[in-house]
Each structure stands twice: as C-alpha cells, then as structure tokens.
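Peer 1: coords please:
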Amino acid sequence: MAEFKLSASLVAHEDDVRSVCFPSSKAVISASRDGTVRRWELVTDTPPIFDPTISSHVNSFVNSVAYLRPNPQFPDGLIISGGNDVVIDVRRPSKSQGEDADGLLLGHSKNVCALDVDPAGKFIVSGSWDSEARVFSVGNWECETVLRGHQGGVWAVLVFNSETIITGCADQQIRIFHKSGKLLTTFAGSLQPIRALCLIPKDHPSGADFASASNDGVICLWKLSGAKVAELHGHDNFIYSLASLPSGELVSSGEDRTLRIWKGTECIQTITHPAISVWGVAVCTETGDIVSGASDRIVRVFSRSPDREADAETSRQFDEAVKSSSIPQEQMGDINKEEYPGPEFLTQKSGTREGQVQMIRELNGSVTAHTWSASRQEWINVGTVVGGAGSNGVKTEYKGQDYDYVFDVDIEDNKPPLKLPYNLSQNPYEAATKFLENNKLPISYLDTVANFITENCKGASLGSPSNGPASAGSDPWGSESRYRPGEDSLPSPLPKYIPQKNYLSILPASLPRMYKKAEEINQALISGGKKDVSLNPAEMSELQNICKLLESASGASASSTIEKGLDGSQIELVVKIATKWPYAERMVGLDFLRLLAVAPSTARYGIGNSTSGNLIRQFEIGCMPENDQAPAENLIMLAIRGFGNLFESEIGRELAIFEIEKIKTLVTNAVSASNNRNILIAATTLYINYAVLYHYTPAKVNFDDILAFLESLNHILTSASDEEVISRAMVALGTIISLGNEAKSAAKDVYTMQSSIDTAVKKLATPRIRNIAKEVSDLLKR
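Peer 2: As a prediction, the model looks like this:
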C-alpha cells in the first residue's frame, strides 16, 4: 500500500494544537492552547487548501475536541470542545465564535482533557483531571451519569457501543462501565498512565476489540474481557493519541515527534514532525486521510492519494523543517559523539526496521538524528541534537547526570526531602512519572507533582527563547535552547504579571564552548605576536577555574555562590579579556563578565579608581569600538545583559542607579537602532529590573529616567514582533505605571501607551500577550 505523504499544512493557531478531528473529506476541526477551536473548510482540491474559521474562543487552553455526526436533530452535526475552563462547549459548525453555544455541559471541576461521542448521536462522554468521566445527553445537555472510582485524571474515554464506555486513567487502570454508571470491570492497562484509547476495526488480524496507549510508549491491544492480545512497540516516549483507519490499520502519535502507521502489530511508516509533541491524530472515514495537531502550532493533513498531495513547495518546506529541527538531548538519552558513525554510514548500511533511529556524527562536530524509512529504503534526516539550558544556564549534577533543576520535594514531615531532577526540555509529566516510580509513590500524586514542576519553572521562559521560529539576533554562540511550557495546564488560566516583584537575570551560557573559544583566540594572539594581551598558561588555568565556579552556581543562590569563590585577580583577568583583546574577539570576555556581574565583588570593581573606571566603564570599553565603526550588536547585547545581572546584589543595584545616565544612553541608543531580538530582550529585562527597584525604593525614582524608559518601551511595543520581547516590554511598562499617578499620566497622556499596546496585541494576539495587555490597560484606566 502507498505511503502517506503531506497533503496540507494548516497555519493559523497561535499555540500548541492539542486535539483534532476529521468529520468529512471537506473539513477539519482543531483545538488549541490559544483558546480557539477552528473549523477548516476545503476550498481547493488540487493542491488541497483549507480556509480557517474560528468556531469558539475562550481565555484558557482548549485541550479536547470531538464531532457528533449529522442526525435529524442536528443536520450539520455538532462541534464539542473542552479544556481548562471546565465548561464543555457544544455548537453547530455554522455558528461563529460570537454566537451562543447550542449547549454548555457543566459538572467537571478541572481540565476537560478527553471527549468522545455515541455513534448514534444520543450522548457525549467526557474525561477530566477531576478523576471523573461524565455522560451527557444530546439535546437537553444534562449530565445523565458520573463514572466514578478513578484514582487519577481520566485522560481517555471511548464509547465502545451504545451501552458500554471505556476509560483510561492516570492511575494506570482501564475501566469498563455500563452507560448507567455501573462499573463492569477494571484491569491494569500499563505500569504508567493511560493516555489514549481507540476502537479496533472488526477485521483486524489480532481479533482485539480496542487499543490503549500510555506513557511507556507501548500500544496494547485488548479484548473487552481485559485479555491482552498484543503489544505494539516503536514509540520512544509518551503516546498521546490513537485512531483507526478504514483499511484496518492504526495510527498513533506522541512525544517522540512522530506519527506512526501500524499494520497488524508492525509499524509500517513513521512520519516525523518538526515539533516536540504530536498531540493528536484523527482519521477521515471517507478517504482514509489523517490529520495531526502538534506543538509547533500547525495542523497537518496526510494522504495516500497522489491526487491529494501537497504542492512541491509545501512538501519541501515540511521536509526542511523536519531536517532543521532541534532535538532536545534529553529525548535521545546519553549522547557520546565518539561512539557514532560518520555520514558514510547512511549510504553503506540499511536499517533493520521502520522508524529505527540512527545518530550520525557530522563533519562539523554536530550530532544529527536519522530514521529509517522501510518503504523508501533510505535514512531520513529528522534534526540536530542540541543540549538543554536551564533558567540560569548552569546545570546541576544529580546521580551522575546534569539537570537544569534538582528540586527538593517534601512528602512527609520529619523526613528528608526527596530529589526531583528536571530538564526544561522534558515534559513535566515524564519527569513526574519517573519521580513517582523511583520513589515508589502513588500515581495519584502525578498531577500535583507535574504542576509543582510547571509552577517552579514558570520564570524559566524569561531569559530563554520563545517557542516560535528563531528570529534575527539569536544566541551569538548559535546554541539557543528551546523551552516548552507544562504539559496540559498553566498553574492558573490567567496568571498575574504586574507588578513584577522579582529581579530578573539572564544567565544561560555554554561554559565549555566559551572556554574553548577563549583558548582558540588566545592561541591566535600568541601566534600573531600579541603577547602583551594574550594569556599565559597560569591565566588560562585561572580562566578554567572561573568556568568551574560558574558551573557550580545555580538559581537564586548564584550570586552568593560566585561571591564565595571569586577573587579580585579573576575579575581582573576577565576584564582584561573583555577590554584589551582585539575588538572583534571580545565577545567571550564580555560573556564571562556579564555572568560574574551577579556577584557583589564584581559590582565593586574599580569603584573609586579614576584611572581604570568602574564596572560600567569596563562594559562600555568592551562593547564600543575605538574608531567610528558601528558597534557589534552581540557585544552591545552582552553589555546590557551585564547591566541587568547587576541587580542580583545590593551593591550592583546601587551601581546601576549611580551610573544610570551611562547605562540609559547605551541601552536606549541600541534599542532605537536595532531590532536584534536578544538586544531587545536584554533591554526590556533591564527596564523591568529598574522598575522593580523603584517599586521597593520609591526614593530612588527620577522622573526623567522614567520618561526615557517609557519612550524606549513605546518604541519596542510599536516596532517589535517577538512574543518574549513584547511580553517583557509590557511587564516593564505595567510595573512602571504601578509606581504612581505621575508615571501613569506620562504613559497615558505623553506617550499614548494604550495605542502602543493595541498595536502590539494586533501583531501578536497570543493568550499570554492578551493577558498582560489587559492588566496594563486596566492600570491605565484606573
């Protein structure tokens, strides 16, 4: 049978696409964390082109969607959706987002994460994090039955027939209920939470009745009696969704970036997506086409029919996106470059099974991942493996492995806390599941632990890149890490952003790479006869000690940790690299200096020394060229990051106030002259820190400085289009406005900030931006 190929890429959602359904060959429905359910109508057959319409819009994640097929009562069918607002919305496809729903189904108290419908159109079944499944009558919209007894979130529901309902739960159990609510049987579906269920076609060779999938990456085929018929192995991570094809095959998707086709018990095709999570899959019963929804915000349709293949350019873009994907190292396990073969392997060796993954050590030192396509008999490049970076860029070792965070979790009084290791590129539920397994804790704790991780990593996106495509001005070292927020829910649908009350630092760094670069430049200086500025072996050894010191610092204790191990000679050494090396080679020195800026000793550098100048002067010397050439953007950006990091210590904050004129001039000039994303993030972070300082010490407020910040923020809001930049600018603006009526009047009347906010929201109307914008607008109106 022919393999599936891309048919269409549907782009409109502004956040992860969490759920999809395929009601007919002419329409697709998708639900997203951007709060919308969208209906996509086919407008052109060859190549397939779909036109989107927003069916409904709420102010929180929409995590599930289903479709009730047309019947005499509802000849157009019904779109059913649910999510974090716990209300299930039921509406005809012809209705727009502004119209009232046909039905609102009430009863759940937590996120509605699963939906299914009776094929006869008589009832709807929902599953929720509140440990209940509910049966609602179509037409009168009342809850007929509550399916109780679950010991965790109900993540999957399946209407097996008009009398039988199956649920899959975070407590690892599969339960079979009569529609009346009577529990018929319970059996262990896995050693990990059950995430998906689907009916098995009658002619399936296994003879199974239904399938389940779980966090262990295994698909199980079951008889209704609870007898396991077969296991399907191939996924390398959580499986989120299952569906059956008219051909009798199954399709699955999960956290390993793939959609997989299964014939019998064999995986016959693997389709890798340029996304961390492929959240949902659904099948068109008319054509056998497949639709997927993923964390890259794109809905994709795949078809076996040559008549429904995407045009050449759309297919090329998809292939290139997969090939250029960044794969978090944690997804691939331990990476040892020396063990992997070179590119020649791809032409000399064949794979042994569909979807087999092979790492390749490229000539440039990077590691790429390739999957084997059995149908094409070739290896397909599916991305480059990249390391993670925590909120401060410094890893913490736990049991021989490096993590972005190692949390202390108190489970019982009067007992030592348990250690919970976590990397930002992990799914919080994956880390929570492993934590519970390793410590033999009840699976009922899963949602609590996962939410604990999400809550304590909320600030990690500050200082980390956003989820969107990389823009101009990415990490100067070329090693930006991707951070994806928590699995199913934010700690609160509408978090409060303003006023910001904590100082922010930007500390991501690749210290081994920085040291290696310094070593290379230093050797070139020696070879070029510039021994007056080059480092001797003792100084290189001292630079290595600085790297070790920085590696040992993490989180809120970074400033004190660095301070304890830092001496004046080390600061002098870094200042030398940042200011004495040739201008084109100063980036590594400024990078070290901005990391050390969190320590009080660094902030005290040169105070009272009119010859050398203080730390602000060193940043000025390092980032500005001596002639009339334009300053290098990366050097300017690192200097601004250094200014922001000063706020981690009291002496640093005093220095930032004392030298505010110099800092203000350098930063506002940079903002007005550049759209470099990292410069703008550094600048808005600095503005936030000044606003926080003014919040706690009103006596230090200088109104002229407030006006300068407002003018710069106004420029950013009207000219920038990056979500992280816009969000920080709004938080800085809101925190400044909250200082008092004078600041608010200037923002409102002098700079007409409401207009600038409206402009920013029109460019980037994500839920996060809308929420912050509403807070700022409300402050302006008071």
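
Peer 1: where exactly do the helices run in the stretch 301-450 of the chain?
Peer 2: For the stretch 301-450 of the chain, applying DSSP state H, counting those that start in this stretch gives helices covering 312-323, 329-332, 345-348, 428-438, 446-456.

Peer 1: can you tell me which of those the model trusts least?
Peer 2: Note on the helices of the stretch 301-450 of the chain: helix 329-332 shows the lowest mean pLDDT, a mean of 60.

Peer 1: output the helices of the stretch 301-450 of the chain as a markdown table; include the columns distance to residue 530 and mean neighbour count.
Peer 2: (C-beta placed from N, C-alpha, C; glycine too.) Putting the helices of the stretch 301-450 of the chain into a markdown table (distance: least, Cβ to Cβ, whole Å; neighbours: other Cβ atoms under 10 Å) gives the following:
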| stretch | distance to residue 530 | mean neighbour count |
| --- | --- | --- |
| helix 312-323 | 41 | 15 |
| helix 329-332 | 37 | 19 |
| helix 345-348 | 43 | 12 |
| helix 428-438 | 48 | 21 |
| helix 446-456 | 47 | 20 |
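
Peer 1: among these, which comes closest to residue 166?
Peer 2: helix 446-456 (20.3 Å; Cβ to Cβ).

Peer 1: circling back to that earlier point, let's have the helices of the stretch 301-450 of the chain in a markdown table, adding distance to residue 201.
Peer 2: A markdown table is the format used below for the helices of the stretch 301-450 of the chain (distance: least, Cβ to Cβ, whole Å):
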| stretch | distance to residue 201 |
| --- | --- |
| helix 312-323 | 29 |
| helix 329-332 | 32 |
| helix 345-348 | 36 |
| helix 428-438 | 30 |
| helix 446-456 | 32 |
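
Peer 1: to residue 143, which of these lies closest?
Peer 2: Closest to residue 143 of those is helix 446-456 (Cβ to Cβ; 22.3 Å).

Peer 1: downstream of that closest one, the next helix or strand is which one?
Peer 2: Using DSSP states H and E, the next helix or strand after helix 446-456 towards the C-terminus is helix 511-527.

Peer 1: next SSE downstream of that next one?
Peer 2: Helices and strands here follow DSSP H and E; after helix 511-527, the next one along the chain is helix 537-552.

Peer 1: if we can go back for a sec, please identify which of the helices of the stretch 301-450 of the chain is closest to residue 763.
Peer 2: Across the helices of the stretch 301-450 of the chain, residue 763 has its closest neighbour in helix 312-323 (22.9 Å, Cβ to Cβ).

Peer 1: that older thread, mind checking which of the helices of the stretch 301-450 of the chain is nearest residue 146?
Peer 2: Among the helices of the stretch 301-450 of the chain, helix 446-456 sits nearest to residue 146 (Cβ to Cβ), with 19.1 Å.

Peer 1: now do the one helix or strand residue 198 maps to, average pLDDT.
Peer 2: Taking DSSP H and E as the criterion, residue 198 maps to strand 194-199. Mean per-residue pLDDT for strand 194-199: 96.

Peer 1: how about the helix or strand just after that strand as PDB, C-alpha atoms only?
Peer 2: As assigned by DSSP H and E, the chain's next helix or strand after strand 194-199 is strand 210-214. Output of strand 210-214 as PDB, limited to C-alpha atoms (Å, rounded to 0.1, in the frame of the first residue of the first chain):
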ATOM      1  CA  PHE A 210      -9.900  -1.900  21.400                       C
ATOM      2  CA  ALA A 211      -6.400  -0.400  21.800                       C
ATOM      3  CA  SER A 212      -4.800   1.700  24.600                       C
ATOM      4  CA  ALA A 213      -1.600   3.700  24.700                       C
ATOM      5  CA  SER A 214       0.300   5.000  27.700                       C
END
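
Peer 1: what sits up against strand 210-214?
Peer 2: 156, 158, 160, 166, 168, 172, 174, 189-190, 192-200, 219-222, 224, 235, 238-242, 244, 250, 252, 254 (Cβ atoms under 8 Å, 6 or more residues apart in numbering).

Peer 1: show me where the stretch 251-400 of the chain has its strands.
Peer 2: Ranges of strands within the stretch 251-400 of the chain are 258-263, 266-272, 278-283, 290-294, 298-303, 326-328, 357-361, 367-373, 378-386, 396-398, based on DSSP state E, counting those that start in this stretch.

Peer 1: quick one: the second one to strand 278-283, angle?
Peer 2: Calculated by axes from the mean of the first three to the mean of the last three Cα atoms, to 10 degrees, strand 266-272 forms an angle of 120 degrees with strand 278-283.

Peer 1: strand 266-272 packs against which elements?
Peer 2: Under the contact criterion of 3 or more Cβ pairs under 8 Å, 6 or more residues apart in numbering; DSSP states H and E, strand 266-272 touches strand 258-263, strand 367-373, strand 378-386.

Peer 1: over to the first one?
Peer 2: Under the contact criterion of 3+ Cβ pairs under 8 Å, 6+ apart, the helices and strands touching strand 258-263 comprise strand 250-254, strand 266-272, strand 278-283.

Peer 1: ok, 6 Å please
Peer 2: Using 3 or more Cβ pairs under 6 Å, 6 or more residues apart in numbering; DSSP states H and E as the contact test, the elements touching strand 258-263 are strand 250-254, strand 266-272.

Peer 1: what's it in contact with?
Peer 2: If you take Cβ atoms under 6 Å, 6 or more residues apart in numbering as the criterion, strand 258-263 is touched by 232, 234, 249-253, 267-272, 278, 292.

Peer 1: same check, this time on the fifth one
Peer 2: If you take Cβ under 6 Å, 6+ apart as the criterion, strand 298-303 is touched by 4, 6-11, 17, 30, 289-293.

Peer 1: and the residues you listed, which two are furthest apart?
Peer 2: Using Cβ to Cβ, the contacts of strand 298-303 span at most 19.7 Å, a distance reached by 4 and 11.

Peer 1: what helix or strand does residue 18 sit in?
Peer 2: Element membership of residue 18 [criterion: DSSP H and E] is strand 17-24.

Peer 1: can I get the strands of the stretch 251-400 of the chain in JSON lines with mean neighbour count?
Peer 2: Converted to JSON lines, the strands of the stretch 251-400 of the chain look like this (neighbours: other Cβ atoms under 10 Å):
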{"stretch": "strand 258-263", "mean neighbour count": "23"}
{"stretch": "strand 266-272", "mean neighbour count": "22"}
{"stretch": "strand 278-283", "mean neighbour count": "26"}
{"stretch": "strand 290-294", "mean neighbour count": "27"}
{"stretch": "strand 298-303", "mean neighbour count": "24"}
{"stretch": "strand 326-328", "mean neighbour count": "20"}
{"stretch": "strand 357-361", "mean neighbour count": "18"}
{"stretch": "strand 367-373", "mean neighbour count": "20"}
{"stretch": "strand 378-386", "mean neighbour count": "19"}
{"stretch": "strand 396-398", "mean neighbour count": "16"}
